[in-house]
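Peer 1: build the 3D model from these lines:
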Amino acid sequence: MKVLVTGGKGFIGSAVVRHLIQHTEHEVVIVDAMTYAATEGSTQSVAESPRLRFERGDICDAGRMSEIFAAHAPDVVMHLAAESHVDRSIDGPAAFIHTNVIGTFTMLEAARAAGVERFHHISTDEVFGSLGVDDPAFHEATPYDPRSPYSASKAGSDHLVRAWGETYDLPVLITNCSNNYGPFHFPEKLIPLVTIRALHGEPLPVYGTGDNIRDWLHVEDHAAALVTVVESGIAGETYNIGGKAERTNLEVVETLCDLVDELAGPLDSGEQRRSLITFVADRPGHDHRYAIDQTKIQRELGWEPQHTFDTGLRNTVQWYLDNEWWWEPLRQRQATERVGLNK
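Peer 2: Modelled structure (predicted):
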């Protein structure tokens with residue numbers, strides 16, 4: 001197949017691209033606007049493949065998308081391009097509505113006009129809202145209950161995809177995943193943020209009491225699941241993808257501190273990095289718990305995660321310690337942006 005991957009220079013999208021090139025014979029066309037969260041380095045390991053092409057373009061630009069579809073005639077679309085940072089959505093929701101809703105509409109129309117064989121929309125567990133500690137995990141039929149501008153925009157895009165499937169017979173697939181982690185994760189997200197700040201001996205902010213619970217999924221497991229779905233999933237179906245790894249935010253941060261202490265050595269002061277943890281005011285609309293029931297994808301498609309959270313997190317911390325070349329320029333750019341905002 002020829003697979004068009006939107007957001008293929010971002011965190012999850014680049015993992016999908018690497019998996020497609022390294023583990024399949026499919027041709028791949030990356031479409032990415034190269035906004036702040038996209039990097040060339042994330043696909044550097046497969047950049048020389050003759051099966052890989054790159055097109056710069058904004059998914060909200062209907063004319064540009066029509067050009068790309070006409071030039072490449074993809075069989076399949078894997079739609080990952082999205083604004084995804086909850087805190088950014090609280091500060092500036094307009095970009096999330098534009099990219100996640102209007103962008104998805106534009107891609108659906110381009111795919112429909114091109115007659116693609118499959119349109120796979122990659123979404124999030126956050127559309128389902130928040131769980132109590134003892135509530136059963138989210139399943140594919142869990143009612144939607146988004147609580148932030150980000151999750152509301154993703155819920156809206158999910159509804160559009162289903163509507164295009166029902167109304168126009170577009171062969172659509174939807175997956176909803178839990179929190180991803182792994183290499184090439186943009187430094188503003190929890191695990192890379194804490195790892196890098198811990199390495200530099202900087203304060204480690206934790207919202208509220210740190211008791212919010214997330215299910216963690218290694219990005220390479222997620223990429224393998226997404227390719228399994230696009231190859232073997234049934235059109236019109238939804239599949240939940242999780243990592244079987246629920247942890248409180250505080251547990252994650254404490255484990256990261258211990259791993260950085262072990263792998264990078266102690267702070268100059270001799271203190272353990274857990275001493276850097278600082279509790280800050282909780283963010284608005286902070287969902288308490290997410291958990292994924294992935295019975296369906298395991299039963300019907302035979303996928304299950306290969307990484308445990310303990311080994312996956314250790315490998316991820318080691319990757320950040322070994323790859324400062326990738327994240328330090330991004331960190332410096334973020335610092336410059338913050339200074340600009342504070343002027």
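
Peer 1: let me see the ranges of the helices in the stretch 51-200 of the chain.
Peer 2: Secondary structure of the stretch 51-200 of the chain by DSSP state H, counting those that start in this stretch: the helices cover 62-72, 86-91, 93-96, 103-114, 149-168, 190-199.

Peer 1: the fifth one - contacts with which helices or strands?
Peer 2: Counting contacts by 3 or more CB pairs under 8 Å, 6 or more residues apart in numbering; DSSP states H and E, helix 149-168 is packed against helix 86-91, helix 93-96, helix 103-114, strand 118-124, strand 172-177. For glycine as for every other residue, the C-beta is placed from the backbone atoms N, C-alpha and C.

Peer 1: out of these, flag the one nearest residue 324.
Peer 2: Closest of those to residue 324 is helix 86-91, at 24.3 Å (criterion: CB to CB).

Peer 1: low-confidence stretches in the stretch 201-343 of the chain?
Peer 2: Scanning the stretch 201-343 of the chain with the threshold set as pLDDT under 70 gives 336-343.

Peer 1: can you pull out the strands in it?
Peer 2: Here the stretch 201-343 of the chain has its strands, by DSSP state E, counting those that start in this stretch, at 204-207, 213-218, 238-241, 246-248, 277-280.

Peer 1: what residues does the first one touch?
Peer 2: By that I understand strand 204-207. Applying CB atoms under 8 Å, 6 or more residues apart in numbering, the external contacts of strand 204-207 come out as 194, 197-198, 249-250, 253, 257, 273, 276-283, 286.

Peer 1: about what we covered before: what about the strands of the stretch 201-343 of the chain, which gets the closest to residue 92?
Peer 2: strand 204-207 (19.0 Å).

Peer 1: rewinding a little: quick one: buried ones out of the contacts of strand 204-207?
Peer 2: Buried by 16 or more other CB atoms under 10 Å: 194, 197-198, 249-250, 253, 257, 273, 276-277, out of the contacts of strand 204-207.

Peer 1: ok, back up a step: which stretch among the helices and strands packed on helix 149-168 comes nearest residue 301?
Peer 2: Checking the helices and strands packed on helix 149-168 against residue 301 by CB to CB gives strand 172-177 as the closest, at 10.7 Å.

Peer 1: and the closest residue in space to residue 239 that isn't next to it in sequence, how many neighbours does it have?
Peer 2: Nearest non-adjacent residue to residue 239, counting by CB to CB, 6 or more residues apart in numbering: residue 297, 4.4 Å away. Per other CB atoms under 10 Å, the neighbour tally for residue 297 reads 24.

Peer 1: what do you get for residue 42?
Peer 2: Residue 42 has 24 nearby residues by other CB under 10 Å.

Peer 1: quick one, what contacts it?
Peer 2: By CB under 8 Å, 6+ apart, the contact list for residue 42 reads 9-11, 14, 184, 326.

Peer 1: quick one: it is in a helix?
Peer 2: Yes. The assignment for residue 42 is a helix, going by DSSP: H, G, I helix; E, B strand; the rest coil.

Peer 1: most widely separated two among the contacts of residue 42?
Peer 2: Within the contacts of residue 42, 10 and 326 form the most distant pair, 13.5 Å apart (CB to CB).

Peer 1: so for the two, which sits in the more crowded spot?
Peer 2: Between residue 10 and residue 326, counted using other CB under 10 Å, the more crowded position is residue 10 (27 against 18).

Peer 1: in this structure that one contacts residue 32, no?
Peer 2: Yes. Assessed by CB atoms under 8 Å, residue 10 is found in contact with residue 32 at 7.1 Å.

Peer 1: find residues that contact each of those two.
Peer 2: Contacts common to residue 10 and residue 32, judged by CB under 8 Å, 6+ apart, are 38, 81.

Peer 1: closest one to residue 134 out of the contacts of residue 42, please.
Peer 2: Of all these, residue 134 sits closest to residue 11, with 31.5 Å by CB to CB.

Peer 1: the closest one against residue 181, yeah?
Peer 2: No. Residue 11 is beyond contact range of residue 181, at 9.4 Å (criterion: CB under 8 Å).

Peer 1: tell me the residues that contact both of these two, please.
Peer 2: Both residue 11 and residue 181 are contacted by residue 219, under the criterion CB under 8 Å, 6+ apart.

Peer 1: distance of residue 84 from residue 283?
Peer 2: For residue 84, the distance to residue 283 equals 15 Å [CB to CB, to the nearest Å].
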